[in-house]
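In: Quick check, what structure comes out for this input:
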Amino acid sequence: MTYELKTKETDRSVIEFIEGVDHPKKREDAYKLLDIFTETSGYEAKMWGPSIIGFGRYHYKYPTGHEGDAPLVGFSPRKAKISLYFATGDTERKQLLEKFGKHTSGKACVYINKLDDIDVDVMKELIHQSIIFLQNMYPENS
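Out: Numbering: from 1, shown residues only. Here you go, the predicted model:
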């Protein structure tokens, strides 16, 4: 049985997706995040699946044999909160999140209500740190 990856890069327009965000403040934050992630990562924004805006890409392969492609970093302006995608497994992430501002975090995501709640400079550090960490972990894709 082959596992079909749900989150793949698509040709869908990032701008059209952001324009479809219902809440005006969340849409405004999404545009700001688009600028910050594009400028900080140096990658063009691409849609991954129906709702993730990703930057860059890497190919991962787990010891289990499961493998796939994923964005190096990304975000998604969801109804409840904004999800930010940074690399997991890096000790620096935890230290940076302590200075990040109001957020909650799951295994792979960091959730914020709005940009005003966080320190944008720390977010830029998280973006840089995630890209470096993933490129070191998966060097054949960089």
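
In: check contacts around Val73.
Out: For Val73, the contact set (CB atoms under 8 Å, 6 or more residues apart in numbering) comprises 37, 41, 54-56, 85-87, 126-127, 130-131. Every residue, glycine included, has its C-beta placed from N, CA and C.

In: who's it bridged to?
Out: As for beta bridges, Val73 partners with Phe55 under DSSP bridges.

In: circling back to that earlier point, among the contacts of Val73, name the ones in strands.
Out: The strands, defined by DSSP state E, take in 54-55, 85 from those.

In: which among these gets closest to Lys32?
Out: Nearest to Lys32 out of these is Phe55 (CB to CB; 14.6 Å).

In: Residues contacting stretch 32-45, please?
Out: By CB under 8 Å, 6+ apart, stretch 32-45 touches 14, 18, 53-56, 72-75, 77, 82, 115, 120, 123-124, 127-128, 131.

In: swap in stretch 77-86?
Out: Stretch 77-86 is contacted from outside by 18, 21-23, 26-27, 29-30, 33, 51-52, 54, 71, 73-76, 93, 104, 108-115, 123, 126-127, 129-130, using CB under 8 Å, 6+ apart.

In: can you tell me which of the residues you listed are in strands?
Out: Residues of the contacts of stretch 77-86 located in strands (DSSP E): 52, 54, 73-76, 104, 109-112.

In: Sort out which residues of stretch 118-138 are buried, please.
Out: 118, 123, 125-131, 133-135 (16 or more other CB atoms under 10 Å).

In: any idea how far Thr7 is from the residue nearest in space to the middle of the chain?
Out: Residue closest to the average C-alpha location in the chain (CA atoms, centre = their mean): Gly74, at 1.9 Å. Distance, Gly74 to Thr7, by CB to CB, to the nearest Å: 10 Å.

In: Over to Ile36?
Out: According to CB to CB, Ile36 stands 21 Å off from Thr7.
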